[in-house]
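*Asks:* Here is my input, please return the structure:
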Amino acid sequence: MRTGSPRNALFKGDNEAEYAWFSISDSMPVLSMSAERAARRIIRACVRGEAEVVLSFPAKAAVKFNAMFPGLTAEILALGNGMLPSPHGSDTAAKTGKQSFSQVSPSWATTLTERAAESNNEIS
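*Replies:* Alright, predicted model coming up:
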(Lines give C-alpha, C1' and ligand atoms only; values in the text may rest on other atoms or scores of the structure.)
Protein backbone atom coordinates (compact mmCIF):
# COMPACT_ATOMS: atom_id res chain seq x y z
CA MET A 1 0.00 0.00 0.00
CA ARG A 2 1.44 3.34 -1.02
CA THR A 3 1.35 5.50 2.10
CA GLY A 4 4.69 7.22 1.63
CA SER A 5 5.98 5.68 4.84
CA PRO A 6 9.24 4.04 3.64
CA ARG A 7 11.18 7.21 4.45
CA ASN A 8 10.07 6.84 8.10
CA ALA A 9 10.48 3.05 8.40
CA LEU A 10 13.53 1.63 10.19
CA PHE A 11 16.14 -0.41 8.32
CA LYS A 12 19.06 -2.46 9.62
CA GLY A 13 21.78 -4.33 7.79
CA ASP A 14 22.36 -3.00 4.29
CA ASN A 15 19.94 -0.15 4.94
CA GLU A 16 20.45 1.57 1.58
CA ALA A 17 19.71 -1.61 -0.38
CA GLU A 18 16.77 -2.49 1.88
CA TYR A 19 15.30 1.01 1.58
CA ALA A 20 15.73 0.96 -2.21
CA TRP A 21 13.99 -2.42 -2.48
CA PHE A 22 11.16 -1.37 -0.16
CA SER A 23 10.53 2.06 -1.66
CA ILE A 24 10.71 0.87 -5.28
CA SER A 25 8.39 -2.09 -4.71
CA ASP A 26 6.04 0.24 -2.83
CA SER A 27 5.81 2.36 -5.99
CA MET A 28 4.95 -0.42 -8.44
CA PRO A 29 1.35 0.11 -9.60
CA VAL A 30 0.66 -3.59 -10.13
CA LEU A 31 2.10 -4.67 -6.77
CA SER A 32 0.84 -1.85 -4.58
CA MET A 33 -2.26 0.28 -4.31
CA SER A 34 -2.94 3.77 -3.07
CA ALA A 35 -3.92 4.21 0.57
CA GLU A 36 -7.11 5.99 -0.54
CA ARG A 37 -8.23 3.08 -2.71
CA ALA A 38 -7.44 0.60 0.07
CA ALA A 39 -9.37 2.71 2.59
CA ARG A 40 -12.43 2.84 0.32
CA ARG A 41 -12.31 -0.95 -0.08
CA ILE A 42 -11.92 -1.53 3.66
CA ILE A 43 -14.83 0.79 4.49
CA ARG A 44 -17.01 -0.94 1.88
CA ALA A 45 -16.11 -4.31 3.45
CA CYS A 46 -17.07 -3.01 6.90
CA VAL A 47 -20.41 -1.67 5.65
CA ARG A 48 -21.16 -5.01 3.98
CA GLY A 49 -20.11 -6.97 7.07
CA GLU A 50 -17.33 -8.83 5.27
CA ALA A 51 -15.19 -10.83 7.69
CA GLU A 52 -12.12 -10.60 5.50
CA VAL A 53 -10.92 -8.43 2.64
CA VAL A 54 -7.98 -9.09 0.35
CA LEU A 55 -7.14 -5.80 -1.32
CA SER A 56 -5.03 -6.26 -4.43
CA PHE A 57 -5.11 -8.61 -7.41
CA PRO A 58 -1.61 -10.00 -6.63
CA ALA A 59 -2.72 -10.70 -3.05
CA LYS A 60 -5.91 -12.43 -4.24
CA ALA A 61 -3.89 -14.53 -6.69
CA ALA A 62 -1.39 -15.41 -3.95
CA VAL A 63 -4.16 -16.52 -1.57
CA LYS A 64 -5.67 -18.80 -4.23
CA PHE A 65 -2.28 -20.14 -5.33
CA ASN A 66 -1.35 -20.90 -1.72
CA ALA A 67 -4.65 -22.73 -1.18
CA MET A 68 -3.95 -24.97 -4.19
CA PHE A 69 -0.16 -25.34 -3.82
CA PRO A 70 0.97 -24.59 -0.25
CA GLY A 71 4.34 -26.36 -0.54
CA LEU A 72 5.20 -24.72 -3.85
CA THR A 73 4.15 -21.34 -2.45
CA ALA A 74 6.56 -21.80 0.48
CA GLU A 75 9.37 -22.70 -1.92
CA ILE A 76 8.69 -19.68 -4.14
CA LEU A 77 8.61 -17.38 -1.11
CA ALA A 78 11.91 -18.88 0.10
CA LEU A 79 13.45 -18.14 -3.31
CA GLY A 80 12.15 -14.59 -3.10
CA ASN A 81 13.61 -14.26 0.38
CA GLY A 82 16.98 -15.26 -1.02
CA MET A 83 16.87 -12.30 -3.42
CA LEU A 84 16.45 -9.74 -0.64
CA PRO A 85 19.49 -7.71 0.48
CA SER A 86 21.83 -9.75 2.67
CA PRO A 87 22.45 -8.56 6.25
CA HIS A 88 25.90 -10.20 6.45
CA GLY A 89 28.70 -7.84 7.48
CA SER A 90 26.31 -4.93 7.69
CA ASP A 91 25.59 -2.28 10.26
CA THR A 92 23.28 -3.37 13.09
CA ALA A 93 22.11 0.14 13.97
CA ALA A 94 18.61 1.00 12.79
CA LYS A 95 18.39 3.88 10.33
CA THR A 96 15.35 5.58 8.90
CA GLY A 97 14.52 5.47 5.22
CA LYS A 98 15.40 9.14 5.02
CA GLN A 99 18.89 8.28 6.31
CA SER A 100 19.08 5.46 3.74
CA PHE A 101 18.66 7.48 0.54
CA SER A 102 21.00 6.42 -2.27
CA GLN A 103 21.46 6.92 -5.99
CA VAL A 104 18.78 4.29 -6.58
CA SER A 105 16.11 5.65 -4.27
CA PRO A 106 14.51 8.09 -4.31
CA SER A 107 14.43 8.20 -8.11
CA TRP A 108 11.95 8.12 -10.97
CA ALA A 109 11.11 4.56 -9.85
CA THR A 110 9.73 5.84 -6.53
CA THR A 111 7.57 8.63 -7.93
CA LEU A 112 4.28 7.17 -6.66
CA THR A 113 5.67 6.66 -3.16
CA GLU A 114 7.07 10.19 -3.07
CA ARG A 115 3.67 11.60 -4.10
CA ALA A 116 2.00 9.52 -1.38
CA ALA A 117 4.51 10.82 1.18
CA GLU A 118 3.56 14.40 0.30
CA SER A 119 -0.19 13.81 0.37
CA ASN A 120 -0.09 11.74 3.58
CA ASN A 121 2.21 14.15 5.44
CA GLU A 122 5.04 11.60 5.69
CA ILE A 123 7.76 14.10 4.82
CA SER A 124 9.59 15.27 7.89
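
*Asks:* Three-state assignment for residue 12, please.
*Replies:* State at residue 12, reduced to three classes by DSSP: H, G, I helix; E, B strand; the rest coil: strand.

*Asks:* measure the most centrally placed residue in the chain to residue 6 for me?
*Replies:* Central residue of the chain (Cα atoms, centre = their mean): residue 26, 4.4 Å from the mean position. In this view, residue 26 and residue 6 are 6 Å apart by Cβ to Cβ, to the nearest Å. Just so you know, the C-beta spots here come from the backbone N, C-alpha and C atoms, and that holds for glycine as well.

*Asks:* Equivalent analysis for residue 104, please.
*Replies:* Distance from residue 104 to residue 6, counting by Cβ to Cβ: 13 Å.

*Asks:* now do residue 63
*Replies:* Relative to residue 6, residue 63 is positioned 25 Å away (Cβ to Cβ).

*Asks:* who's more crowded, those two?
*Replies:* More neighbours surround residue 6 than the other of residue 63 and residue 6, with 30 against 12 (other Cβ atoms under 10 Å).

*Asks:* Run a quick neighbour tally on residue 42.
*Replies:* Residue 42 has 13 neighbouring residues, counting by other Cβ under 10 Å.

*Asks:* distance of it from residue 70?
*Replies:* For residue 42, the distance to residue 70 (Cβ to Cβ) stands at 27 Å.

*Asks:* next one: residue 80
*Replies:* Counting by Cβ to Cβ, the gap from residue 80 to residue 70 is 16 Å.

*Asks:* go on, residue 117?
*Replies:* Separation of residue 117 from residue 70 (Cβ to Cβ) stands at 36 Å.

*Asks:* higher neighbour count, the two?
*Replies:* Legend: neighbour count by other Cβ under 10 Å for residue 117 and residue 70, higher for residue 117 (24 against 10).

*Asks:* Report the separation between the more buried one and residue 21.
*Replies:* 17 Å.

*Asks:* likewise residue 98?
*Replies:* Residue 98 is 16 Å from residue 21, where distance means Cβ to Cβ.
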